[in-house]
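K.L.:
no letters, just coordinates:
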């Protein structure tokens, strides 16, 4: 079964009606999301992708990705993409550019595209929705920056190498993302100072 062929929905519908699709997938197929995925791929200007379409068809939670990996003998890379799609795809929404940038920073372009298209395909929005089109196109016009703070920035604030330093870096990165990736020195210094205060013993 080639789920990336141009118009596979009728064949899948026939398989579902005849009871053949559930044994193949080991679960109930989402034919509506599968059909919508083809539409949103076209709207986003991306090529048909077998993993994205399989995710739309059969992945809602992590256990679905695990099951399909075993049943369809997928590669590890395909399984990892499906597992990523399963992680809180329902939390992705259009119209929030800041949240979109944060998601792209955390996931990288490929997995960002996977999860956004899955959320779009399962949303009430049509393929012509401009907010979803803008979110799906984010990797084309925004490159996630590199976290600018380093261990040295915390050592000069009196921290020593060790778990507390790692925790401070983690706190600072989370705050930097939440602040929408500031680059000015004053904002970065404030983030570093706050992170140090969070992890130092009282």
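P.N.:
Yes, it's here. Keep in mind that what you see is a predicted model, and the values were worked out from it rather than measured.
K.L.:
so in the chain, where's the weakest helix or strand by average pLDDT?
P.N.:
helix 9-17 (a mean of 62; mean pLDDT, DSSP states H and E).
K.L.:
pLDDT wise, what is the nearest residue to residue 44 once chain neighbours are set aside at?
P.N.:
Spatial nearest neighbour of residue 44, excluding adjacent residues (CB to CB, 6 or more residues apart in numbering): residue 136 at 4.1 Å. C-beta: built from backbone N, CA, C; applies to glycine. Residue 136 carries a pLDDT value of 97.
K.L.:
got the phi and psi for residue 136?
P.N.:
Here the main-chain torsion angles of residue 136 (degrees, to the nearest 10) amount to phi -60, psi -30.
K.L.:
so which residues of this protein form helices?
P.N.:
Ranges of helices within the chain are 9-17, 21-25, 31-44, 50-58, 62-71, 76-86, 97-107, 109-121, 130-136, 138-141, 151-155, 163-178, 185-199, based on DSSP state H.
K.L.:
flag every buried residue along the shortest one.
P.N.:
Which is helix 138-141. 138, 139 (16 or more other CB atoms under 10 Å).
K.L.:
and that helix, what does it pack against?
P.N.:
helix 97-107, helix 109-121 (3 or more CB pairs under 8 Å, 6 or more residues apart in numbering; DSSP states H and E).
K.L.:
between those, which one is closest to residue 91.
P.N.:
Each of the helices and strands packed on helix 138-141 was scored for nearness to residue 91 using CB to CB, and the closest is helix 109-121 (8.0 Å).
K.L.:
could you list every helix and strand in contact with the closest one?
P.N.:
Counting by 3+ CB pairs under 8 Å, 6+ apart, the packing neighbours recorded for helix 109-121 are helix 31-44, helix 50-58, helix 76-86, helix 97-107, helix 130-136, helix 138-141.
K.L.:
ok, and what's touching it?
P.N.:
When contacts are taken as CB atoms under 8 Å, 6 or more residues apart in numbering, the neighbours of helix 109-121 outside the stretch itself are 33-34, 36-37, 39-41, 44, 46, 49, 51-52, 55-56, 59, 81, 84-85, 87, 89-90, 92-94, 100, 103-104, 107, 129, 132, 135-136, 138-139.
K.L.:
with that, I have no additional questions.
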